[in-house]
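# Okay, sequence plus prediction incoming.
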Amino acid sequence: MGSSFGTLFRISTFGESHGGGVGVVLEGCPPRLELDLPAIQAELDRRKPGQSRITTPRKEADQVEILSGVMDGMTLGTPIAMVVRNKDQRPQDYREMEVAFRPSHADATYQAKYGIQARSGGGRASARETIGRVAAGAIARQLLYKAHGTEVVAWVRRIHDLEATVDINAVNREDVEANIVRCPDSGIADRMIERIEAIGREGDSCGGLIECVVRKPPVGLGMPVFDKLEADLAKAVMSLPATKGFEIGSGFAGTRLKGSEHNDAFLPSDEGRLRTATNNSGGIQGGISNGEPIVIRVAFKPTATIRKEQQTINERGQATTLAAKGRHDPCVLPRAVPMVEAMVNLVLADHLLRQQGQCSLW
């Protein structure tokens, strides 16, 4: 329970951080979708550890194996199983955590809920679980692009208190990948990198904000009431480790405006499609996509596992201290960019199939 996501385009992830491997089973992918297999690996490479000096030094190739559902690069319409083997496990780095709960991590709540936990690296609470999401999200990305030309691009908007200035309409994947912090504002990216390194040397961590835009989204995605598109997007990205906030369109800043200032006026269109003069709605109105770019922002807290000594308790509730060992990102945001994109792609692919199933008869 709790390891599956989606309705028609549905994923179930499995594995622990320091177990034999992690992966995903994807159900509902339409048959005869010709896949770019290297593009799936490329997404995993963007997420993998050890890719730069500001990420965890854990070394994993994260080479994906497709076990089923694909033949000669084409989907069969049957479940697609993908796995990545863990190679660089070091469970000995987590022995201190067998007797002490990491503050703000999942150790204490997992123990309280289940009475047992895979403590090495956080088990299912580890960001390593997201490998399956990113692999399945890469397939969703290809489905959306081939069906509608839909493009999903995310980037680091803020690190700690350093915020980038980004033109949402102009940012592209090449700009994002131009530096190791994945911030398309070159003027502040170097400062972000320096800040992460400085905080990491202190044995501490920092958080920030990721922004994401969906260009050419299909019109009509989303259902009334409980399955609104923004509600499913919020659930999707907030299921990622370390997330603490979600905004769409104008977000919380929109609460400072009057209705006359915030409303998106409709523009005439000879093409018969919806067009708005502004996009404070973030591409979604009444829970349904209107064809304008979908714009969301996701807040990530500082990494919970730090090397600084902290006050905590053990399983018996007794006071103790913990200075965590192991290999951890001083800031999760650069590696979280492909994770956010993956979850957005998964939601859109699922709603696209649901929309076609509901409306294709008419």
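It's in. Residues are numbered from 1 along each chain as shown.

# which stretches of the stretch 101-250 of the chain aren't confidently modelled?
Along the stretch 101-250 of the chain, the model assigns pLDDT under 70 to residues 119-121.

# one more time with 90
By pLDDT under 90, the weakly predicted segments of the stretch 101-250 of the chain are 101-127.

# What ranges does it have for its helices?
107-114, 130-148, 173-176, 186-201, 229-238 (DSSP state H, counting those that start in this stretch).

# could those helices go into CSV alongside distance to residue 41 and mean neighbour count?
Backbone N, C-alpha and C define where each C-beta goes, glycine included. Conversion of those to CSV gives the following (distance: least, Cβ to Cβ, whole Å; neighbours: other Cβ atoms under 10 Å):
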stretch, distance to residue 41, mean neighbour count
helix 107-114, 31, 15
helix 130-148, 8, 24
helix 173-176, 16, 16
helix 186-201, 25, 17
helix 229-238, 23, 21
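
# Residue 25 - how many residues pack around it?
For residue 25, the neighbour count with other Cβ atoms under 10 Å is 21.

# one step back: residue 1 is nearest to which of the helices of the stretch 101-250 of the chain?
Among the helices of the stretch 101-250 of the chain, helix 107-114 comes nearest to residue 1, with 11.6 Å by Cβ to Cβ.

# Distance of residue 283 relative to residue 39?
Residue 283 sits 25 Å away from residue 39, taking Cβ to Cβ, to the nearest Å as the criterion.

# Contacts only, for residue 315.
When contacts are counted by Cβ atoms under 8 Å, 6 or more residues apart in numbering, residue 315 touches 99, 101, 111.

# Go through these and say which is closest to residue 148.
Using Cβ to Cβ, the contacts of residue 315 come closest to residue 148 at residue 111, 45.2 Å.

# My understanding was that that closest one contacts residue 117; is that so?
Yes - assessed by Cβ atoms under 8 Å, residue 111 is found in contact with residue 117 at 5.4 Å.

# got a markdown table for the helices of the stretch 101-250 of the chain, with distance to residue 85 too?
Below are the helices of the stretch 101-250 of the chain laid out as a markdown table (distance: least, Cβ to Cβ, whole Å):
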| stretch | distance to residue 85 |
| --- | --- |
| helix 107-114 | 24 |
| helix 130-148 | 11 |
| helix 173-176 | 28 |
| helix 186-201 | 28 |
| helix 229-238 | 26 |
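
# Number of residues surrounding residue 246?
Residues contacting residue 246 under the criterion other Cβ under 10 Å number 18.

# Could you do residue 281 as well?
22.

# That one: which element?
Following DSSP states H and E, there is no helix or strand that holds residue 281.

# my guess is it contacts residue 264, does it?
Yes - taking contacts as Cβ under 8 Å, residue 281 lies within contact range of residue 264: 5.2 Å.

# ok, residue 133 touching residue 343?
Yes - if you go by Cβ under 8 Å, residue 133 and residue 343 touch, sitting 6.4 Å apart.

# hey, which helix is longest across this structure?
As assigned by DSSP state H, the longest helix anywhere in the chain is helix 333-359.

# Could you pull out the strands in the stretch 1-150 of the chain for me?
4-5, 10-15, 21-27, 64-68, 70-71, 74-75, 80-85 (DSSP state E, counting those that start in this stretch).

# Distance check, the residue nearest to residue 307 when sequence neighbours are not counted against residue 319.
Distances taken as Cβ to Cβ, 6 or more residues apart in numbering put residue 203 closest to residue 307, at 3.4 Å, once the chain neighbours are dropped. As for residue 203, its distance to residue 319 is 21 Å (criterion: Cβ to Cβ).
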